[in-house]
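Novice: no sequence on hand, only this structure:
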């Protein structure tokens, strides 16, 4: 059976010099570079010369047509079954509806601090995380709500965390940028770029250690580390690529390249904008995929996960995607060219999946409407639950801070020091 990566034609991006450095928004007039590069070397050698394979950019519909042409069967060779499509669609709709509700709640003053939404990037979270088992780990960034939802954290637990309530997945102490769930193996969102990658490498090392040293034969767990294009210029990224390749860790590095690091264009901040090429430099496959197409992302994810489970080591995947909102809800989003935003709005990953399933007679539109209605109810219930939940007591501020429960935060008599008026005044003897 051919590789999932070989099912989609490979292309090369235009040379870096051909894109204006002074006006990065010129990229909006370019076609979306929805290509994938095979895990295996894609160079053909002829007469001692290396020849790079090239072809025109293709969409999922084109791939399906190619498969139908090659197939001797009269039945359509579809990329997904009906059930698989419904799972993907429901997860993407949940992510989008949840984030839209977050925007409403933020502007109503229900959430505080910075809130970074995921709208437009749902194909990456759904395409990758839905290939994982419960025991597999996910490490996220500050744009982490949808990653947690895709991994199975209940919407009410995520919403309550955003509201700062005790029923949140971190008891209200994490907030938007620090989603964590031990039960679902979501090892945290991380506010500072790059700091989650070493944690992910450690989780992957744990899996390998359990299997090879502790002889837990059934431990084939993998870890996914999500991060943005700006993080790919960070030292921790390179250090962990090196360790992962050296030790053949079961980890997938997922670059969510939404083309902008806050307000800095990726093309102006990176000497070589093709992030996936950094993988082979460390001895691991580097793959570039259309991050606005959940079916392409899913194919890449399946092979990368299978590769990690077999013990074949890490994979670096660059998903070229786009966020539909500003960097955060405090960002007026005035730096990006309106034409660029309009261009990517036409490539909405949810609309694309819906169109694919209907055109291939996988579902009726009424079935999709029922899913949308169901998700609306889930999100509304999450808000009601968060509103009704209690806020943390003041003494909770000192919990999970000190390793010694009788440390600075707790007095010898077992009472919290913050409850002593003299402690607040700064006159208590500690």
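Specialist: Thanks, I have it. Please read all numbers here as calculations on a predicted model, not as lab measurements.

Novice: scan the protein for its longest helix.
Specialist: As assigned by DSSP state H, the longest helix anywhere in the chain is helix 82-107.

Novice: and it, how far out from the chain middle?
Specialist: When distances are taken as CA atoms, centre = their mean, to the nearest Å, helix 82-107 is centred 14 Å away from the chain's centroid.

Novice: packing partners for whichever helix or strand comes after that helix?
Specialist: If you walk from helix 82-107 toward the C-terminus, the next helix or strand you reach (DSSP states H and E) is helix 122-129. Counting contacts by 3 or more CB pairs under 8 Å, 6 or more residues apart in numbering; DSSP states H and E, helix 122-129 packs against helix 82-107, helix 145-150, strand 223-228, strand 251-257, helix 294-310, helix 349-359. The way it works is simple: take the backbone N, C-alpha and C, and place the C-beta from them, glycine included.

Novice: let me see the mean pLDDT of the longest helix of the chain.
Specialist: Across helix 82-107, the average pLDDT comes to 98.

Novice: show me what that helix is packed up against.
Specialist: helix 122-129, helix 145-150, helix 155-163, helix 294-310, helix 349-359, helix 365-388.

Novice: please convert the ones you listed to JSON lines, extending it with mean neighbour count, mean pLDDT and distance to residue 396.
Specialist: Shown next, in JSON lines, are the helices and strands packed on helix 82-107 (neighbours: other CB atoms under 10 Å; pLDDT from 0 to 100; distance: least, CB to CB, whole Å):
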{"stretch": "helix 122-129", "mean neighbour count": "29", "mean pLDDT": "98", "distance to residue 396": "30"}
{"stretch": "helix 145-150", "mean neighbour count": "27", "mean pLDDT": "98", "distance to residue 396": "21"}
{"stretch": "helix 155-163", "mean neighbour count": "25", "mean pLDDT": "98", "distance to residue 396": "14"}
{"stretch": "helix 294-310", "mean neighbour count": "23", "mean pLDDT": "97", "distance to residue 396": "38"}
{"stretch": "helix 349-359", "mean neighbour count": "18", "mean pLDDT": "97", "distance to residue 396": "38"}
{"stretch": "helix 365-388", "mean neighbour count": "15", "mean pLDDT": "98", "distance to residue 396": "17"}
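
Novice: quick one: closest of those helices to residue 93.
Specialist: Of all the helices and strands packed on helix 82-107, it is helix 365-388 that lies closest to residue 93, at 4.9 Å by CB to CB.

Novice: residues making contact with that closest one?
Specialist: Outside helix 365-388, the residues that touch it by CB atoms under 8 Å, 6 or more residues apart in numbering are 86, 89-90, 93-94, 97-98, 101, 105, 110, 154-156, 158-160, 162-163, 165, 167-168, 354, 357-358.

Novice: per-domain residue ranges of this structure.
Specialist: With automatic domain parsing serving as the domain definition, the record reports that the chain contains domains spanning 78-388, 401-425.

Novice: so which of these is the most packed in?
Specialist: domain 78-388 (a mean of 20; mean count of other CB atoms under 10 Å).

Novice: how far away from the center of its chain is that domain?
Specialist: Using CA atoms, centre = their mean, we find the averaged C-alpha position of domain 78-388 to lie 2 Å away from the chain's own average C-alpha position.

Novice: and the end-to-end length of it?
Specialist: End-to-end distance for domain 78-388: 45 Å, by CA to CA, to the nearest Å.

Novice: do I have it right that residue 171 meets residue 393?
Specialist: No. With contact defined as CB atoms under 8 Å, residue 171 does not reach residue 393; the gap is 10.5 Å.

Novice: surely residue 179 is in a helix?
Specialist: No. Counting by DSSP: H, G, I helix; E, B strand; the rest coil, residue 179 is located in no helix; its state is coil.

Novice: which residues touch it?
Specialist: Under the criterion of CB under 8 Å, 6+ apart, the contact list for residue 179 reads 140, 144-145, 147-148, 153, 158, 161, 169-170, 186, 188-189.

Novice: residue 217 too?
Specialist: The neighbours of residue 217, taking CB under 8 Å, 6+ apart as the test, are residue 211.

Novice: from residue 149, how far out is it?
Specialist: Noted for residue 217: a distance of 32 Å to residue 149, by CB to CB, to the nearest Å.

Novice: what do you get for residue 132?
Specialist: 13 Å.

Novice: what does residue 307 give?
Specialist: According to CB to CB, residue 307 stands 26 Å off from residue 149.

Novice: do the same with residue 185
Specialist: Between residue 185 and residue 149 the distance is 14 Å, computed by CB to CB.

Novice: equivalent analysis for residue 194, please.
Specialist: With distances taken as CB to CB, residue 194 is found 23 Å from residue 149.

Novice: just residue 351 next, same as before
Specialist: Between residue 351 and residue 149 the distance, using CB to CB, works out to 20 Å.

Novice: ditto for residue 117
Specialist: Counting by CB to CB, the gap from residue 117 to residue 149 is 13 Å.

Novice: residue 164 is in contact with residue 391, isn't it?
Specialist: Yes. With the criterion set as CB under 8 Å, residue 164 and residue 391 qualify as a contacting pair; they are 6.6 Å apart.

Novice: what is in contact with these two at once?
Specialist: Here residue 164 and residue 391 share the contacting residues residue 172, scored by CB under 8 Å, 6+ apart.

Novice: quick one: pLDDT of residue 29?
Specialist: Note on residue 29: pLDDT of 40.

Novice: oh sorry, the question was meant for residue 400
Specialist: The pLDDT attached to residue 400 in the predicted structure is 72.

Novice: repeat for residue 57
Specialist: Reading off the confidence values, residue 57 has pLDDT 29.

Novice: again with the one 5 residues further on
Specialist: Turning to residue 62, the model gives it a pLDDT of 41.

Novice: one more: residue 411?
Specialist: 72.

Novice: with residue 265 instead?
Specialist: 94.

Novice: beta-bridge partners for it, please?
Specialist: Per DSSP bridges, residues listed as beta-bridge partners of residue 265: residue 260.

Novice: who touches the nearest residue to residue 105 once chain neighbours are set aside in this structure?
Specialist: In space, not counting the residues next to it along the chain, residue 105 is nearest to residue 111; the distance is 5.6 Å by CB to CB, 6 or more residues apart in numbering. Neighbour list for residue 111: 102, 105, 162, 163, 164, 176 [criterion: CB under 8 Å, 6+ apart].
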